[in-house]
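>>> requesting a structural model of the entry that follows:
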Amino acid sequence: MKSRSRTFAGALLAALMPLAGGCAGATGGLVPSATVTTAIQGWESRLSLDWEAAGQNITGYVNSKYGAPIVNVQVLAQGLDASGNLVGQKIEWVGGVPSLQRTYFRIPNMPPAATYRVSVWAFDTLESVGDFL
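Model prediction:
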C-alpha cells in the first residue's frame, strides 16, 4: 500500500506543480524598486538581518525569530546614490534558516553606491514535512 500512496502523492504533486507556478505569477509580477523592497510585508515578524558592506560586497546573517524552519529565503540588496536614488540591486538566494537560528549570506559584486540597504525579498515557512510532499 505504501508504494501506491507514494505513486498517488507523486502524481498529485506533478498535477499541482503547474498550478503553483501560476499562483506565483498571480502576485502581479512584483519587481524590486526604490519603493518596493520586499514581496512579503511584515517579514520582520519572523526574520531579522545583520549585515555589513565591505567595498562592493555585502555579508551578513538572516536570523529566525520563528519556531519553524524558514526555507527559500531570498535577500534583496540595493545600492543607492547620495540622493537616495537606486543605482543597482541584486536578489540572492540564502536557502533555509533553521528555527530560531541564523544562516550566513554573501552578496558579491554590488554596483558602486554611496549606501546600501538589504531586506528580505521572499521566503516560505515549513510548518511540517507534509507542506512539501
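
>>> residue contacts, residue 115?
Residue 115 sits next to 79-80 when contact means Cβ atoms under 8 Å, 6 or more residues apart in numbering. No exception for glycine: its C-beta is placed from N, CA and C like everyone else's.

>>> which pLDDT value goes with it?
Looking at residue 115, its pLDDT stands at 96.

>>> ok, now residue 126?
So residue 126 comes in at 86 (pLDDT).

>>> mind listing what the residue nearest to it when sequence neighbours are not counted touches?
Leaving aside its chain neighbours, residue 126 sits nearest to residue 69 (4.3 Å; criterion: Cβ to Cβ, 6 or more residues apart in numbering). Residues near residue 69 by Cβ under 8 Å, 6+ apart: 96-99, 125-126.

>>> mind checking the SS state of the residue nearest the centre of the chain?
The chain has residue 74 as the residue nearest its centroid, 2.3 Å off, counting by Cα atoms, centre = their mean. Recorded secondary structure, residue 74: strand (DSSP: H, G, I helix; E, B strand; the rest coil).

>>> quick one, domains of this protein?
Per the record, the chain has its domains at 1-30, 31-132, by automatic domain parsing.

>>> just to revisit the earlier point, how about the residue nearest to the centre of the chain, what does it touch?
91-94, 120-123.

>>> hmm, which of those residues are the buried ones?
Neighbour counting by 16 or more other Cβ atoms under 10 Å classes 92, 94, 120-123 among the contacts of residue 74 as buried.

>>> who is the residue nearest to the centre of the chain paired with across the strands?
residue 93, residue 122 (DSSP bridges).
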